[in-house]
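Participant: here is a sequence together with a model predicted from it:
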Amino acid sequence: MKSVLKYHFIPLIIGLTISSILLIFGTSILKSKSENNTITVKGTKTTVRGYFANLNSNDSSELELVGSLTEKNGISLFGSSELSNETSYIPYYYLPDSLGIRVNGFGHAFHQSFSMYCELLALKDYLKDAKICIIVSPGWFEGEGTNIEAFLEFVKPNFLQRIITDNSISEFEKYQIGKYLFDNSELIKNPDRKIKYFTSLYEYNKLPILSSYLIARNNEFSKIHYKLSRNSKLKKINRKINWSKQFKGLQTEFVKSINSNKQYISDNYFNSFLKTKDGSIPSEEFANISLKNQELKDFKLLINLLIEKKAKPSIIIQNLNPYYYNNLKGFNSTLAIILKLLEKNNIPYLNMFTPNRKNYIPGILDDRMHSGNLGWMKMNKFIVDTYYAEK
């Protein structure tokens, strides 16, 4: 009898006591005063072409993303470092200027699947029929997923607050964010109460009473509502583009421009970053990617969200330069899973990846991993064919 008390009953009492103490005193992360009201973020979307490296421009950049998703005739282009390329052939310049198709680009280096997932989860009410094209780099899958710096640049406090206060978002979805923020908590300086809410939600998720209590306390945060007073559109330009002629011309132009190397890398990039002192050919080994890698899990979350909310997604899979990278076949197994997921859900995609030099088209990339003008033109054609081809 004593052993029962010692090993079962007493620990149970202690556990309940600790839970009660946490329940009463451990929620200082939240304001005790109820804020059960709605904050309306008002403004205009005026950008019909162009690029947002991040969403740090106060509420205005958030409104640009909201406006891009809600104006169903245009494209929201998501990507990472390639989007910072200043060329007239990039979709957010070329398609508005040549065909009158609105395109807004969002992203910079390390803007990857999980931050995109959280941004769009926060704006899920605007996803139905939204044309969203995502440029995916094989290099994403070598790492551990979205880094915390990029996450905080894109998943803004208003977005976190919308997720917290939205009761239609499942506990599972909120726990994913809580786990991510908890795992990265040591890298977050001065976390606000929204971040603390998510980390506590994950930290106490195995204590059902406390977990349910924390979930219920989401009403202490104000709801965020966006209101656009104007959403600019473009007038369609009736023009036919000879894509084949464009492709051939851009490839020829690129090949003729290279004088410093035989790896089909632009002279400027090669001489600035890759040229070796001894004249040896620079190269890099591509990793064999685990099929359990975090980026692949995050990509699946992203795709499932877009399907569930009836968006109109499309995916572009970029290439890496096989004249520079060795062992690119290490991406093949991951690529097969990605393509199977897209095909199963009838999501249009452009697969530009090839690990073989003989199948590589010079000019697709400008350097080791970023698109060249030929690559951008192929993406432009894919976007037009996917969303604007005459039925």
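Facilitator: Thanks, I have it. Keep in mind that this is a model prediction, so the values were computed, not measured.
Participant: okay, now the unreliable bits of the protein?
Facilitator: Applying pLDDT under 70 to the chain flags the ranges 1-36, 57-58, 207-216, 231-232, 390-391.
Participant: so where do the strands sit in it?
Facilitator: 38-45, 49-52, 75-78, 103-106, 131-136, 223-231, 284-285, 312-317, 325-326, 349-351 (DSSP state E).
Participant: got a markdown table for these, with mean neighbour count too?
Facilitator: All C-beta atoms are positioned from the backbone trio N, CA, C, and that covers glycine. Listed next are the strands of the chain as a markdown table, based on neighbours: other Cβ atoms under 10 Å:
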| stretch | mean neighbour count |
| --- | --- |
| strand 38-45 | 14 |
| strand 49-52 | 18 |
| strand 75-78 | 26 |
| strand 103-106 | 25 |
| strand 131-136 | 23 |
| strand 223-231 | 15 |
| strand 284-285 | 12 |
| strand 312-317 | 22 |
| strand 325-326 | 16 |
| strand 349-351 | 18 |
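Participant: I'd like those strands laid out as JSON lines, including distance to D366.
Facilitator: JSON lines is the format used below for the strands of the chain (distance: least, Cβ to Cβ, whole Å):
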{"stretch": "strand 38-45", "distance to D366": "31"}
{"stretch": "strand 49-52", "distance to D366": "17"}
{"stretch": "strand 75-78", "distance to D366": "18"}
{"stretch": "strand 103-106", "distance to D366": "17"}
{"stretch": "strand 131-136", "distance to D366": "14"}
{"stretch": "strand 223-231", "distance to D366": "33"}
{"stretch": "strand 284-285", "distance to D366": "16"}
{"stretch": "strand 312-317", "distance to D366": "16"}
{"stretch": "strand 325-326", "distance to D366": "15"}
{"stretch": "strand 349-351", "distance to D366": "18"}
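Participant: could you count how many residues lie near N359?
Facilitator: 10 (other Cβ atoms under 10 Å).
Participant: quick one, what contacts it?
Facilitator: By Cβ atoms under 8 Å, 6 or more residues apart in numbering, the contact list for N359 is empty.
Participant: again, only this time at 10 Å
Facilitator: By Cβ atoms under 10 Å, 6 or more residues apart in numbering, the contact list for N359 reads N319, P322, F353.
Participant: returning to that earlier point: could you point out which of the strands of the chain sits nearest K248?
Facilitator: strand 349-351 (18.6 Å; Cβ to Cβ).
Participant: contact partners of the closest one?
Facilitator: Under Cβ under 10 Å, 6+ apart, the answer for strand 349-351 is 133-136, 313-319, 335, 338-339, 341-343, 378-379, 381-383, 385-386.
Participant: quick check: phi and psi on S222?
Facilitator: Main-chain torsions, S222, degrees, to the nearest 10: phi -70, psi 140.
Participant: so it makes contact with Q161?
Facilitator: Yes: contact criterion Cβ atoms under 10 Å: S222 and Q161 qualify, at 7.0 Å.
Participant: who's more crowded, the two?
Facilitator: Neighbour tally, S222 and Q161, criterion other Cβ under 10 Å: the higher count belongs to Q161, 21 against 16.
Participant: residues touching the more buried one, list them.
Facilitator: Neighbours of Q161 in contact, by Cβ under 10 Å, 6+ apart: I39, A122, D192, R193, K194, Y197, N218, F221, S222, K223, I224.
Participant: want to throw the residues you listed into CSV with distance to F52?
Facilitator: Formatted as CSV, the contacts of Q161 follow (distance: Cβ to Cβ, whole Å):
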residue, distance to F52
I39, 22
A122, 16
D192, 22
R193, 27
K194, 22
Y197, 27
N218, 29
F221, 26
S222, 25
K223, 24
I224, 19
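Participant: now stretch 342-356: buried residues?
Facilitator: L342, I347, P348, Y349, L350, M352, F353, P355 (16 or more other Cβ atoms under 10 Å).
Participant: swap that for stretch 290-309, sorry
Facilitator: Buried, per 16+ other Cβ under 10 Å, within stretch 290-309: N293, Q294, E295, L296, D298, F299, L301, L302, I303, L305, L306, K309.
Participant: how many other residues sit next to the closest residue to the first one other than its chain neighbours?
Facilitator: Spatial nearest neighbour of N293, chain neighbours left out: F141 (5.6 Å); criterion: Cβ to Cβ, 6 or more residues apart in numbering. For F141, the neighbour count with other Cβ under 10 Å is 25.
Participant: thanks a lot, catch you later.
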